[in-house]
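*Asks:* what's the 3D shape of this:
(chains A and B)
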Amino acid sequence: MSTSLSRRALLLEGVRDTVPMLVGAAPFGVIFGTLAVAAGLSATASLGMSLLVFAGSSQFIGVSLIGAGTALPVLWLTTFVVNLRHALYSATLLPFARDWPLRWRWPLAFWLTDETFAVVEHRFRTKGSEGGQWYWLASSLAMYGNWVLWSAVGVSLGQSLPGLANLGLDFAMGATFAAIVAPQLKRRPALGAAVAASVVAMLGRGLSYKLDLMLAAGVGVATGLLLEQWGKHKEQAA
Amino acid sequence: MNHWLAIVGMMLLTVLIRASFLVFGQRLAFPDWLNRALHYVPPAVLSALVVPMALAPAGAVDISLRNAYLPGIIVAALVAWKSGKTLLAILVSFVVYGVWRWCFVH
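*Replies:* Modelled structure (predicted):
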């Protein structure tokens, strides 16, 4: 009795703490669904991507690469690079989940997004992880249901207004990426990474298989690391 | 291209990355340089996608009044930088893009 009560309380708490994230993700679900249809994916495939991949930024990039006819290995390599940060989340949460059975850890891993990581990590760090798998599960399911639902809304919007692509939805993609990246550039190494990547991307435009993107990403990341290193040396010298 | 093949590949990669430590545990080690490098992946990848879209939307570099992508994307970046509000930035940039097209492209 008392366990089922506290289980319900944990589920409710998990959903409640995730609500701001749900609101934030909703418009992007709609934009994703619309863009996926405009990029030439079927309605089922568009929705399938939200159901199976469930990773906002790599879905956006994936759809834009598929629309440009990118080769599969490059698409997958990009997905891998863009999602690699999730390994960091996985490592951060491992100490809390170490003793949970695999039937818990696999599904929670599948649903591990930026948003759920932020919510769960904060809760565990501040209030402990007792019974935390229910809290984590609730946050995961709320994010998942929300993302699939709003993707579906976007897909049906894209289908019922087939001219939407000509109205500048490819612009919406560019604007979305620009708005996401700009606030990340306040630190100098990140700005350097962005500038270097942009220059390489401009010079390498039209390279086969969108290899320009991988090349630009590599040069950008290396530049960021070098500037960070350089900043540290200057600090130590001062 | 087979879209489903693309999606299933994306799914497998994503779930394996997320499961890395949670499922396969501390048999994996995360070197410090990789940890730091990850911070620069989003700015690098997103900029590499955005900048060519703004400067050369149709493939060739186009810095003229007819390129409405350029002012739109600059505004998106500026509003997001100043306000930190992604959605607001997208909406404002859409207005700029639409008005620009109406004024200069038709």
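*Asks:* Quick check, the residue in chain B closest to chain A?
*Replies:* Proximity of chain B to chain A (C-beta to the nearest C-beta) peaks at B:Ala44, 2.7 Å away. From N, CA and C alone the C-beta is placed, and that goes for glycine too.
*Asks:* Counting neighbours, what do you get for that residue?
*Replies:* 33 (other C-beta atoms under 10 Å in any protein chain shown).
*Asks:* ok, now the one 3 residues further on?
*Replies:* If you count neighbours by other C-beta under 10 Å, B:Ser47 ends up with 31.
*Asks:* Scan the helices and strands of the chain for the one with the lowest mean pLDDT.
*Replies:* Unless you meant another one, I'm taking chain A. helix A:169-181 (a mean of 83; mean pLDDT, DSSP states H and E).
*Asks:* not what I meant, chain B
*Replies:* helix B:32-37 (a mean of 83).
*Asks:* So which other helices or strands are in contact with that one?
*Replies:* helix A:211-237 (3 or more C-beta pairs under 8 Å, 6 or more residues apart in numbering or on different chains; DSSP states H and E).
*Asks:* Centre of the chain to the helix it packs on, how far?
*Replies:* Centre-to-centre, helix A:211-237 and its host chain are 23 Å apart (C-alpha atoms, centre = their mean, to the nearest Å).
*Asks:* Now it: buried residues?
*Replies:* Neighbour counts over helix A:211-237 (16 or more other C-beta atoms under 10 Å in any protein chain shown) mark A:212-225, A:227-228 as buried.
*Asks:* With stretch B:35-49 instead?
*Replies:* By 16+ other C-beta under 10 Å, the buried positions in stretch B:35-49 come out as B:37-49.
*Asks:* how about the nearest residue to the residue nearest the centre of chain B, chain neighbours excluded?
*Replies:* With the centre of chain B defined as its mean C-alpha position, the nearest residue by C-alpha atoms, centre = their mean is B:Leu46, 3.5 Å away. Nearest-residue entry for B:Leu46: A:Val181, 3.9 Å, with adjacent residues in sequence omitted and distances by C-beta to C-beta, 6 or more residues apart in numbering or on different chains.
*Asks:* what do you get for B:Val51?
*Replies:* Leaving aside its chain neighbours, B:Val51 sits nearest to A:Ser198 (3.9 Å; criterion: C-beta to C-beta, 6+ apart).
*Asks:* quick revisit: not counting its neighbours along the chain, what's nearest the residue of chain B closest to chain A?
*Replies:* Nearest non-adjacent residue to B:Ala44 (C-beta to C-beta, 6+ apart): A:Gly220, at 2.7 Å.
*Asks:* Next: B:Pro42.
*Replies:* Nearest non-adjacent residue to B:Pro42, counting by C-beta to C-beta, 6+ apart: A:Gln184, 6.2 Å away.
*Asks:* for B:Phe104, same thing?
*Replies:* Nearest to B:Phe104 is B:Leu65, by C-beta to C-beta, 6+ apart, at 4.3 Å.
*Asks:* wait, isn't the residue of chain B closest to chain A in contact with A:Leu225?
*Replies:* No - between B:Ala44 and A:Leu225 there is no contact under C-beta atoms under 8 Å: 10.7 Å.
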